[in-house]
Structure formats: structure tokens, C-alpha cells
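Generate coordinates for the sequence data below:
(one chain, ligands or ions: 2)
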Amino acid sequence: PNPVFSTRICRYGAEALREAALLIRAGEPVAVPTETVYGLAADATDSNAVAAIYGAKGRPSFNPLIVHVADKDMAQSLAIFSPAAEKLASRFWPGALTLVLPVREDSGLSPLVMAGLLTVALRLPAHPAMRALIRESGRPLAAPSANRSGSISPTRAEHVLASLNGKIRLILDEGPTSEGLESTIAAPEQDCVRLLRPGPVTAAMLEEAAGLPVIIGTGAKIEAPGQLESHYAPSKPVRLNALNAEKDEYLIGFGLMPCHMNLSVDADIQEAAANLFAMLHLADASAAKRIAVAPIPDEGIGAAINDRLRRAAA
Ligand code: TXA
Ligand code: MG
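Ligands and ions are numbered 1, 2, ... in the order given. Predicted structure coming up:
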């Protein structure tokens, strides 16, 4: 049985940061905002700490974690960068891109982080709270989204509390996240870039920066195991491409239309991405029996929104 904690939310600041770093040093996971979603961070070099992440999330141990670094030097001490990987990192880091790279033998990472793979997923985040926590604790931080496995990712501290109350000690609160969707995951290979999870950095952006074709989806060789399961799922049935609300439905709209809540009245796709998970959380908590979502254009980050919506509806 997992231990039970009293979970506190602390506004991000010097004091909260110090406390969070002490917890990390003691092998405890801490919830911390990034520009994409809130993460549940722990020392990636400490197997007990990494096991505590899996325990708190109820995450299957075959699903590997993303390791967050504070700078390029830390990244290079953990993984091997090909020329294409270099190009992608220098263009999109710090930011919402995770690179799947061959892990170094002397990385010092807990093997639990990679769940048995020979690659590691690395990200250099832009959010000051996550960067400060990595620096202050002096460790690379493994951090999946800070929610119970299989549920909607958290874009606010309250979402983390609702999902992980009693399972972790501390949540650093720095308001709603700006991107609203999880990072893009890409694996640079010899002659292509594999897009393992669509996100804020689009396929077109990857192609342009790497100078290589982007292949969407997992190959036979490499996979994002978390992508295989139904994911990002609210507890209620979800209907897509809805133009109006049927009986017992809560309609999440896009652009000018009658609905219960609107992702973006101005049909701004970036605003819709930032609002998506918070509105799914609200729809899930509403009195309606089912959730309906308006059609979202597939342009830019719209491709990532539609990926998450298909999973929510699956
Ligand atoms: O925006 C994000 O990426 C957030 C914030 C906290 O950084 N994190 C996040 O982590 O979304 P998580 O655990 O919810 O998703 C990580 C995904 C999983 O689908 C996992 O299978 C994949 O990354 N992954 C991790 N290591 C991998 C590897 N070596 N090869 C392929 N996929 C990997
Ligand atoms: Mg997740």
C-alpha cells in the first residue's frame, strides 16, 4: 500500500522553491508547473524517487518518463546528440519539445526512467519554476504529467490536487500553464525525424529545423509506449465534431456558436490549446452525462488538439 500524505499547494517563490528542492533531495516527488502541463518531478538518478512517481500516478512501470534538464551541458551528459538532434535542440530548447535519444552508458539515470529502453526522452523546459527546481536540487528531474495515469493532464495546480490529493506532499502553484498541451515528442534518426506525439512544436516546424522528412507515428523500432493506451480520458463519453448539444450533453465550442463553454470565441487555435484540458476538467465535473466537442481545424497546434481529443473519445 502507498503512503498517504497531506498535500499542500504553495505559491511559487523563493521559499516554496527551497522546500521543493529539499523534498527532491530527500527522494520525494513534487508537482511543479512547466509551460506545457504540470509535472510530477523527482530525482531521475534515484530509483526509489522514480518508483515513487510511478506509485503516486498508478502508472504502469513499462511506460518510461521524460527527463528534464536545466541546460544543454546536462542534456549532453545524459544522451548522445546526432547532428539532427543538435539542430532541433538549438532551435526549440528551451521549450515544448522532447527528444528521444540514445542514453549514455554513464548517464547515472535510474534504469526505471527508461523502463528498459536504450533511449531516453529529454526536455529542456522554458518555465522558470521547473528550471529553478532542477538547478536548486542539482539533479536531472524525471517528470510525467502530474495526474493519475490515464486521466486528463493538469494545466492548473487545482487539477493536480484533484487528481493526486493524499499521494504527494507538495504542489508548486504558478497559475495556468501557457501552452496547455504536453510537449511534442520526436526521435531524430539517420534520415528522418519520427514524430511520436504531436504537440506545440508542429511536424512542419520539425521538418524545417532538421532539414529531414518527418514521419508521423511510431515505427517498428521505436515507440512512445504511453501512446498505445487510451489516454487523456475524462470519465464521461466524448463525442467529436459536434455542431450542437444533444440531450444530456455538455458542449465545448470553438469559434462563434452556441455552447456551454468556448475554447476560443475568436477561433484562435493557440488559445484553444491553452484552454482545452481545463474545459475538459470542467465538463467532466458538470452535471451533464456526456461531453461533446466542436470540430477543431487541424492546422498548427490543432493537430495536437485533435490527437488528444481522439484519445479522450477512444
Ligand atoms: O509536456 C510534457 O512533456 C510533460 C511535462 C511535465 O514535461 N510531460 C509529459 O510526460 O507529458 P508523460 O509521462 O505524461 O508523457 C511522456 C511520454 C510517454 O508517452 C512515454 O511513453 C514517452 O513520453 N517516452 C518516454 N521515454 C521514452 C522513450 N525513451 N522512447 C519513446 N517514448 C518515450
Ligand atoms: Mg501524461
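
Do I have it right that residue 255 meets residue 267?
Yes: with contact defined as Cβ atoms under 8 Å, residue 255 and residue 267 form a contacting pair (3.8 Å). In this view, the C-beta of every residue, glycine as well, is placed from N, C-alpha and C.

Please identify the buried residues of stretch 125-133?
Neighbour counts using 16 or more other Cβ atoms under 10 Å place 125, 126, 127, 129, 130, 131, 132, 133 of stretch 125-133 among the buried residues.

list the contacts for residue 52?
By Cβ atoms under 8 Å, 6 or more residues apart in numbering, the contact set of residue 52 is 27, 28, 29, 42.

any idea whether it is helix, strand or coil?
Secondary structure for residue 52, judged by DSSP: H, G, I helix; E, B strand; the rest coil, is helix.

now swap in residue 77 and tell me
Here residue 77 is recorded as helix under three-state DSSP.

Roughly how far does it sit from residue 116?
21 Å (Cβ to Cβ, to the nearest Å).

cool, residue 185 as well?
For residue 185, the distance to residue 116 equals 18 Å [Cβ to Cβ].

which one of the two has more residues nearby?
Set side by side, residue 185 and residue 116 show more neighbours around residue 185, with 22 against 9, by other Cβ atoms under 10 Å.

Do I have it right that that one meets residue 88?
No: Residue 185 is not in contact with residue 88 according to Cβ under 8 Å; the separation is 11.5 Å.

and residue 121, what are its phi and psi?
phi -90, psi 120 (degrees, to the nearest 10).

what sits against it?
By Cβ under 8 Å, 6+ apart, the contact list for residue 121 reads 64, 65, 66, 67, 98, 99, 100, 185.

Need these in a markdown table (columns: distance to ligand 1 and secondary structure).
What follows is the contacts of residue 121, written out as a markdown table (distance: Cβ to the nearest ligand atom, whole Å; DSSP: H, G, I helix; E, B strand; the rest coil):
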| residue | distance to ligand 1 | secondary structure |
| --- | --- | --- |
| 64 | 3 | coil |
| 65 | 6 | coil |
| 66 | 5 | strand |
| 67 | 8 | strand |
| 98 | 5 | strand |
| 99 | 10 | strand |
| 100 | 4 | strand |
| 185 | 5 | strand |
